[in-house]
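>>> Please work out how this folds:
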Amino acid sequence: MADTSFPSAIATPAATIDEVIVQLTAIVEWSKQNNSRMGYFAALYRKVTIQVKQGIAENYFADGPRMERLDVIFANRYIHACYLYQTGQTPTKCWVRAFSATQHWWPIVLQHLLLGMNAHINLDLGIAAAETVPPEELQNLKGDFEKINQVLAGLVGGVQSELADIWPILGLLNRFLGSVETAIINFSMDKARDAAWSFAEKLSPLSEVQRKQAIVEKDDMMALFSNVISHPGFYGSLIIGIIRLGERGTTRQRIEILE
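Numbers count the residues shown, from 1 in each chain. Okay, the predicted model is just below:
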């Protein structure tokens, strides 16, 4: 069902990283006003985008304009997926899985973040890299591609403390068991980064028709993987249930913590 309250401004693709940040802010604010768990990933992603913008300004990347182009293409895939879903249309299957999970009470905040990362990094990042430069220039992009993933990884420490604010027992467990959720996120991101680059290499030389088919196949695969994140077996689901019962605050308050 279409949501007429969803910000219509995001229907038009962003052209600059500043426009991306404005559109992500609109999604975060809408999510807070509507107590939507979509805001969890949106809040984290806006922080990533602000960090990338800062990195471009500080010449952290070898080619700033090219990195902005990659960032905008990448972000537009997520923003467009949000718009499609909230207006009763159908984005890629792995985004449907991620957004559908926000309608349910049981997934914990970490699951929502991982479902978003699965769709956006495992599927969207490789597509964005392949669309940023022509095939003969793809290898020149690899250094900056790895740097943007370092920016993502650099925010994991912040996510750790924020998740501990939402589920206080997590801080105690981390003290005795190590950073459980940090290890999960880093593992996921390392695997996702490598897979995304391989996917970009696969897509880059293909025709438009071949690319569309390859994207459909990859989307099917990542949609299946999202089921593993949502339903991690009997013992995993038991642990997640315990965590969920201990998560504190309203949806809006959790989004504000992640901001």
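>>> tally of neighbours for the closest residue to residue 251 other than its chain neighbours?
If you skip the residues right next to it in sequence, residue 251 has residue 35 as its closest partner in space, 4.4 Å away by C-beta to C-beta, 6 or more residues apart in numbering. In this view, the C-beta of every residue, glycine as well, is placed from N, C-alpha and C. Residue 35: 13 surrounding residues under other C-beta atoms under 10 Å.
>>> Please list all residues in contact with residue 35.
When the contact criterion is C-beta atoms under 8 Å, 6 or more residues apart in numbering, the partners of residue 35 are 250-252.
>>> hmm, try it at 10 Å
With contacts defined as C-beta atoms under 10 Å, 6 or more residues apart in numbering, the neighbours of residue 35 are 250-255.
>>> where do the helices sit along the stretch 151-259 of the chain?
156-166, 169-177, 180-203, 208-230, 233-246, 251-258 (DSSP state H, counting those that start in this stretch).
>>> In terms of mean pLDDT, which of those ranks lowest?
The stretch with the lowest average pLDDT out of the helices of the stretch 151-259 of the chain is helix 169-177, scoring a mean of 52.
>>> okay but residue 118 is in contact with residue 196, surely?
No: under the criterion of C-beta atoms under 10 Å, residue 118 lies out of contact with residue 196, with a separation of 11.1 Å.
>>> The contacts of residue 35, buried ones only, as a ChimeraX selection?
Applying 16 or more other C-beta atoms under 10 Å to the contacts of residue 35 leaves a buried subset, and the ChimeraX line that selects it is:
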select :251,254,255
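>>> Switch the contacts of residue 35 over to CSV; also include distance to residue 98.
Below are the contacts of residue 35 laid out as CSV (distance: C-beta to C-beta, whole Å):
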residue, distance to residue 98
250, 21
251, 16
252, 20
253, 21
254, 16
255, 16
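>>> Now flag whichever of the contacts of residue 35 is closest to residue 200.
The shortest approach to residue 200 among the contacts of residue 35 belongs to residue 255, at 31.1 Å (C-beta to C-beta).
>>> what pLDDT does the spatially closest residue to the closest one that is not a sequence neighbour get?
Leaving out its chain neighbours, the residue that sits closest to residue 255 by C-beta to C-beta, 6+ apart is residue 39, at 3.9 Å. Per-residue confidence (pLDDT) for residue 39: 94.
>>> Now do the helix or strand hosting residue 39 and helix 251-258, the angle between them.
With the criterion set as DSSP states H and E, the secondary-structure element containing residue 39 is helix 38-57. Using axes from the mean of the first three to the mean of the last three C-alpha atoms, to 10 degrees, one finds that helix 38-57 and helix 251-258 are set 20 degrees apart in direction.
>>> List the buried residues of helix 38-57.
Along helix 38-57, the positions that meet the burial threshold by neighbour count (16+ other C-beta under 10 Å) are 38-49, 51-53, 55-56.
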